[in-house]
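> okay, sequence plus prediction incoming.
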Protein chains: 2
Amino acid sequence: MLNSYTKEDKVMLAIDCIIFGFDEEGLKILLIKRDFEPERGKWSLIGGFLKVNETLDEAASRILYTLTGVHDIYMEQFYTYSEIDRDPVERTLSVSYYALIDIERHNEELIENYNASWHSIAEVPKLIFDHDKMLDKGLKRLRRRTSIVPIGFNLLPEKFTMLQLQKLYEAILDKPLDKRNFINKINSMDILIKLNEKDMSSSTKGSFLYMFDGEKYNAKLTDNFYLKL
Amino acid sequence: MLNSYTKEDKVMLAIDCIIFGFDEEGLKILLIKRDFEPERGKWSLIGGFLKVNETLDEAASRILYTLTGVHDIYMEQFYTYSEIDRDPVERTLSVSYYALIDIERHNEELIENYNASWHSIAEVPKLIFDHDKMLDKGLKRLRRRTSIVPIGFNLLPEKFTMLQLQKLYEAILDKPLDKRNFINKINSMDILIKLNEKDMSSSTKGSFLYMFDGEKYNAKLTDNFYLKL
């Protein structure tokens, strides 16, 4: 009968974390070299299995921390993969999570002997199982998300130039943006505070520094915000 | 060890389908009266369990068809629920799906003796387990989706008036919309073809009929479209 609870229909549940990172070199992805069969020695998203006594969110945080040392980051669940043969060992579904973090802020946490490392989005190696597909969907989600909520609060220093903000958006969207157009659109969002202070490192004229207006920024996170770049 | 495959960690996976329907009375949700314990006799989303030999998409279609008779509709997976005690019988995670369909077009399929029926969104009874939370998240997703892709192709007759389209958006968004503002925004989307033909049923002057421009409509589905109403 359809609705009976039967032991036969239990499945393994994996969790795979798509951790995007941003630094001055651009957008990157955190990968780990798998040290067990199958696919030993291949690159993988940060993954593990759900335990019976934890929620998916808890499992995602535990797996990320245990395999890489990275902790205290907000990850968002975004899709559950269920192709029959996606894992050759045993029927395993995988719930994917994703996050975008500031690499500098978490680099010290990375545990070296676990072989987790950052890879430029432009040069991602072939990944195990269906992880290429997951990464692809994660990237699309990240880019769409960039249009719906403002991005940058945790990815830039407290004070930043308009050029730094533009470079962040260019890295995520993977395309050059017109400077004047970008400034106009960002200003129309009304989430920045222009400081009476300049960054003098890039030119003799200097560049004005900005801060996010925390209150307005947070309002946009739940608002019907839209930014088409 | 973290990455070993162990039988102990297998879990039950449920699938719950949030089927929104639209007709001239407004937005509704398809519910089923549960005929087994626990919570026998209570209202539930359309749910069942994943079988080992099927994908989540296949399971969702099978469950919807088996429990209600409704078939051939596009459902989108949107969140996997994993609270430890969400099902009192046994640890069970649930993958939720949602869809928005034209009630008229599927009403004949509904199998009466399965107790599936449409309920106005304004008068949804208390649901079992965490289904209230699922419905709530599904509604939010539906409303956000309405801003990101055009809605209506499968929900309105081939030829429709602007008022019919406005009523569809009002039903989904659950708020009255200003007529002139709505018309301007819809026109700016450029997905409608205005016909040289009027619906004379509502007034002596009549109301122009419109059709969706299939090509432009489909382009908007993948475009960075945004409609703020």
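Yep, that arrived.

> in the helix ranked longest in chain A, which of the residues would be classed as buried?
Secondary structure of chain A per DSSP state H: the longest helix is helix A:131-148. Judged by neighbour count (16 or more other CB atoms under 10 Å in any protein chain shown), helix A:131-148 contains these buried residues: A:131, A:134, A:135, A:137, A:138, A:139, A:141, A:142, A:146, A:147, A:148. Yep, even glycine has a C-beta here, placed from its N, CA and C like the rest.

> could I get the full set of strands for chain A?
Applying DSSP state E to chain A gives strands spanning A:12-23, A:26-33, A:43-44, A:46-49, A:76-81, A:92-102, A:116-120, A:160-161, A:192-199, A:207-212.

> need the ones you listed in JSON lines with mean neighbour count and mean pLDDT, can you?
Shown next, in JSON lines, are these (neighbours: other CB atoms under 10 Å in any protein chain shown; pLDDT from 0 to 100):
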{"stretch": "strand A:12-23", "mean neighbour count": "24", "mean pLDDT": "95"}
{"stretch": "strand A:26-33", "mean neighbour count": "20", "mean pLDDT": "94"}
{"stretch": "strand A:43-44", "mean neighbour count": "18", "mean pLDDT": "96"}
{"stretch": "strand A:46-49", "mean neighbour count": "22", "mean pLDDT": "95"}
{"stretch": "strand A:76-81", "mean neighbour count": "20", "mean pLDDT": "96"}
{"stretch": "strand A:92-102", "mean neighbour count": "23", "mean pLDDT": "95"}
{"stretch": "strand A:116-120", "mean neighbour count": "16", "mean pLDDT": "94"}
{"stretch": "strand A:160-161", "mean neighbour count": "20", "mean pLDDT": "94"}
{"stretch": "strand A:192-199", "mean neighbour count": "13", "mean pLDDT": "94"}
{"stretch": "strand A:207-212", "mean neighbour count": "18", "mean pLDDT": "95"}
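
> TSV for those strands, including distance to chain B?
Below are the strands of chain A laid out as TSV (distance: least, CB to the nearest CB, whole Å):
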stretch	distance to chain B
strand A:12-23	6
strand A:26-33	10
strand A:43-44	10
strand A:46-49	5
strand A:76-81	5
strand A:92-102	5
strand A:116-120	14
strand A:160-161	25
strand A:192-199	21
strand A:207-212	22
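
> and the longest helix of chain A, what does it pack against?
When contacts are defined as 3 or more CB pairs under 8 Å, 6 or more residues apart in numbering or on different chains; DSSP states H and E, helix A:131-148 sits against strand A:12-23, strand A:76-81, strand A:92-102, helix A:162-173.

> give me the angle between the third one and helix A:162-173.
Calculated by axes from the mean of the first three to the mean of the last three CA atoms, to 10 degrees, strand A:92-102 forms an angle of 170 degrees with helix A:162-173.

> also the first one?
Relative orientation of strand A:12-23 with respect to helix A:162-173: 150 degrees, computed using the same axes, to 10 degrees.

> what's across from the residue nearest to residue A:213 when sequence neighbours are not counted in the sheet?
Distances taken as CB to CB, 6 or more residues apart in numbering or on different chains put residue A:193 closest to residue A:213, at 5.1 Å, once the chain neighbours are dropped. Listed beta-bridge partners, residue A:193: residue A:211 (assigned using DSSP bridges).

> so residue A:193 is in contact with residue A:215, correct?
No: taking CB atoms under 8 Å as the definition, residue A:193 is not a contact partner of residue A:215, at 10.5 Å.

> just to revisit the earlier point, and the residue nearest to residue A:213, how close does it get to residue A:203?
Using CB to CB, to the nearest Å, one obtains 22 Å as the distance from residue A:193 to residue A:203.

> residues contacting residue A:165?
By CB atoms under 8 Å, 6 or more residues apart in numbering or on different chains, residue A:165 lies in contact with A:152, A:156, A:186, A:210.

> go with 6 Å
By CB atoms under 6 Å, 6 or more residues apart in numbering or on different chains, residue A:165 lies in contact with nothing.

> just the pLDDT for the closest residue to residue A:129 other than its chain neighbours.
In this structure, residue A:129 finds its nearest non-sequential neighbour in residue A:86, 5.6 Å apart by CB to CB, 6+ apart. Per-residue pLDDT puts residue A:86 at 95.

> wait, residue A:86 touches residue A:131, no?
No: the criterion here is CB atoms under 6 Å, and residue A:86 misses it with residue A:131 at 9.6 Å.

> just to revisit the earlier point, my guess is the residue nearest to residue A:213 contacts residue A:208. True?
No: the criterion here is CB under 6 Å, and residue A:193 misses it with residue A:208 at 10.7 Å.

> residue A:72: neighbour count?
Residues lying near residue A:72 (other CB atoms under 10 Å in any protein chain shown) number 11.

> what separation do you get for it and chain B?
20 Å (CB to the nearest CB, to the nearest Å).

> ok, now residue A:64?
Residue A:64 sits 12 Å away from chain B, going by CB to the nearest CB.

> from residue B:148, how far out is that residue?
29 Å.

> circling back to that earlier point, and the angle from the longest helix of chain A to helix B:131-148?
With the same axes, to 10 degrees defining the directions, helix A:131-148 sits at 70 degrees from helix B:131-148.
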